[in-house]
Structure formats: C-alpha cells, structure tokens
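Participant: task: produce atomic coordinates for the following.
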Amino acid sequence: MMSGLADKVVQGDVRSAARLMRGIEDGDPAAVGALDRLYPCTGRAYIVGITGAPGAGKSTLVDALVGAFRQVGKTVGVVAIDPTSPLSGGAILGDRVRMQQHCNDEGVFIRSLATRGWLGGLSRAAAGVVAVMDAMGKDVIMVETVGIGQQEVDVTRLAVTSLFVLTPDSGDSIQMMKAGILEVADIYVINKADHDGALRTRAELAAMLNHNPGAGCGLEPAIVLTEAVNGTGIAELADSIERHRDFLASHGGLAERLRARAMLELDAAVESALRERVAAALETQTRDQLLEALVQRRISPRRAAAAVMELITVARPD
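Facilitator: Sure, this is the predicted structure:
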C-alpha cells in the first residue's frame, strides 16, 4: 500500500504524507522503499534547525516564525522532536498541542517525532520526515530538537541554518558553553528578552563569539533578541535567516552544508541497514550466548561485536 504514496506526496496530498511519515517512524520497509522513490524530488526546501535548553521557548519561537514565513507566502513544514513515552514509545508532546493557530492552514504541515533513544536531540526518522515534507513542496522546514542542551549538534548537520535559543538567565552559564552547539550555530536567539539580564547575556555571548566565531562560514553570527509570546523580534529573526541563506548561496557555503546533510543521511541509512542485517542474522540462541559471555566477562563488548559482524558477513543475503 505504501508504493502508491510517493506520487501522491509529490502532488501535496497531506493524508498520504502523514501515512508515509508514520511508516518511516515505525521502520516499515515499504515506507522506506517509498522514500527511496521520493528522494529525487527533494532538495528544494530550506532547512532551519532550532535547538536550545528546555524552557527557552523554542516551540513558541517556532510558532511565531511559522507566522512570519506564511506572511510572505512561504509554505512551511515543522518537525518537532519530543521526548519518548516509556510506555508507548511515542512522542510525549504531540503536534495536536503545538501551534494550534496553524492547524487549519493548508500551507503548514506539523509533525511530532519521538526520539526513541536517538541521541543528539533528533530522531532516527527525522531526516526521512524532512524529505517527505521537502517532496511535498514546502519552502521552509523547521526542525525543533528535543531540548537536552548544548550537545545537540546533529541538527546542525541536518539544517542549513541553525538557531541556538537562550534566555536572559543563561548569562551566568555563557562562560561554560565552550563546546558543542555554541561552536556551530549560525544565529543565536535570546528569547524572553523582556526579562532582566537580556542585554548582559547578549554582551557576554558577543564577547565569547569574538573568540570563537561559530560555524566558520565567514559570516559573523547574528544575535537576535526576541519575545516570542508577543512576536517582538520575530521579523528581525526571519530576516537574519534569509540573510544567512543568501550569504551561503553567494559564497559557496551552501554546498558544504548540503554535503554535511548528505553525510547525516548516509550515517542513518547505514546504521538502519546494519540493524536489519543483525536482526536477520543473529539467532536468539546465539544472542543469548553472547550476552551470557558478556555477563560472565568471558568476552569483551568489542569482541562480541566482531562476532556479530562475522555472522552478518557469513549470512550475506543474495
């Protein structure tokens, strides 16, 4: 049934896109096959990543940006990565509780994904879902990470422009952010700028960026103050995203970003293929024997992994 979805997705059919995204998230081989057919129709959307610590107001900021992009006639996709429910494995926060003002807008497609144990702030299915929205014809796709802190660097490989969202009370911890996302983000957003300390946080962040000029694309990282709940600074932030895109396109940085995204997609595809091969080749008895050997410390995890890889090689499919 998945085979016929690809053509409908390219035509912009929302129901078909939703079904295909569900199949991708569930690891349905037929959905993966449909995604292969869609891939030549992707590459047109502009991907924006939004990350930052919990409580920074990322969802409210994304909601406001959706409105800004829609005002200038752009269609928008949103991929919101949420924590995983320990019971169902689904997203704890669903797209039904997000961005309600856009739920009836045909130019907006919002999808929540559960992390399902995937590290780096994303989901294993994120790249595939982005590809579906791209094939649907969305002009801008925003990917909001789960919100686990400054080490969420995977989104900077998936996105072309990456936003790191802070709050004024982040000022005391700015000096500690010497690694991870602070080194690779393109635009820094100090949200809730009506709170005390916003200007101090901007000054401290600017001072640090002078010694560590971000992602190295050649454009000085922008620092934008916003109050997402009332829309203050959102137009300036949207303009900063557009300026960053134009700069990359005119200075050759866009190709480098697209190559990084391709590497992320390749890594995810290779890992998925390896998991499938392991599941097909590793019999329950063999797995239990390896686990027991690990428990008894008669074999190291690396040697156990080598044994599994040998099984995969021997059991290579026709």
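
Participant: domains in this protein, as residue ranges please.
Facilitator: Here the domain parsing of the chain from automatic domain parsing is 1-41, 43-253, 265-314.

Participant: quick one: pLDDT of Met177?
Facilitator: What the model reports as pLDDT for Met177 is 58.

Participant: Ala131 contacts Pro40, correct?
Facilitator: No. At 10.6 Å, Ala131 does not count as touching Pro40 under the criterion of C-beta atoms under 8 Å. To be clear about C-beta, it is placed using only N, CA and C from the backbone, and glycine gets the same treatment.

Participant: so for these two, which residue has more residues nearby?
Facilitator: Between Ala131 and Pro40, counted using other C-beta atoms under 10 Å, the more crowded position is Ala131 (24 against 9).

Participant: which ones are touching the more buried one?
Facilitator: By C-beta atoms under 8 Å, 6 or more residues apart in numbering, the contact set of Ala131 is 35, 38-39, 42.

Participant: am I right that it falls within a strand?
Facilitator: No. Assigned with DSSP: H, G, I helix; E, B strand; the rest coil, Ala131 falls outside any strand and is helix.

Participant: surely His244 touches Ala185?
Facilitator: No. Applying C-beta under 8 Å, one finds His244 not in contact with Ala185, separated by 10.7 Å.

Participant: who's more crowded, the two?
Facilitator: The neighbour comparison of His244 against Ala185 (other C-beta under 10 Å) goes to Ala185, with 28 against 23.

Participant: find me the pLDDT at that one, would you?
Facilitator: On pLDDT, Ala185 comes in at 86.

Participant: what count of nearby residues applies to Gln289?
Facilitator: Gln289: 14 neighbours (other C-beta under 10 Å).

Participant: tell me which helix or strand it sits in.
Facilitator: Assessed by DSSP states H and E, Gln289 sits inside helix 284-295.

Participant: how about that helix: buried residues?
Facilitator: Neighbour-count burial for helix 284-295 flags Leu290 (criterion: 16 or more other C-beta atoms under 10 Å).

Participant: for it, packing partners?
Facilitator: Under the contact criterion of 3 or more C-beta pairs under 8 Å, 6 or more residues apart in numbering; DSSP states H and E, helix 284-295 touches helix 301-314.

Participant: what angle do the helix it packs on and helix 284-295 make?
Facilitator: Interaxial angle, helix 301-314 versus helix 284-295 (axes from the mean of the first three to the mean of the last three C-alpha atoms, to 10 degrees): 160 degrees.

Participant: contacts for helix 301-314, please.
Facilitator: By C-beta under 8 Å, 6+ apart, helix 301-314 touches 274, 277-278, 281-282, 286, 290, 293-294, 299.

Participant: picking up where we left off before, most tightly surrounded among the domains of the chain?
Facilitator: Looking across those with neighbours counted as mean count of other C-beta atoms under 10 Å, the highest average goes to domain 43-253: a mean of 19.

Participant: what about the lengthiest helix in the chain, average pLDDT?
Facilitator: Secondary structure of the chain per DSSP state H: the longest helix is helix 253-281. Average pLDDT, helix 253-281: 85.

Participant: and that helix, how far out from the chain's middle?
Facilitator: Distance of helix 253-281 from the chain centroid (C-alpha atoms, centre = their mean, to the nearest Å) equals 14 Å.

Participant: between helix 284-295 and that helix, find me the angle.
Facilitator: Going by the same axes, to 10 degrees, helix 253-281 makes 110 degrees with helix 284-295.
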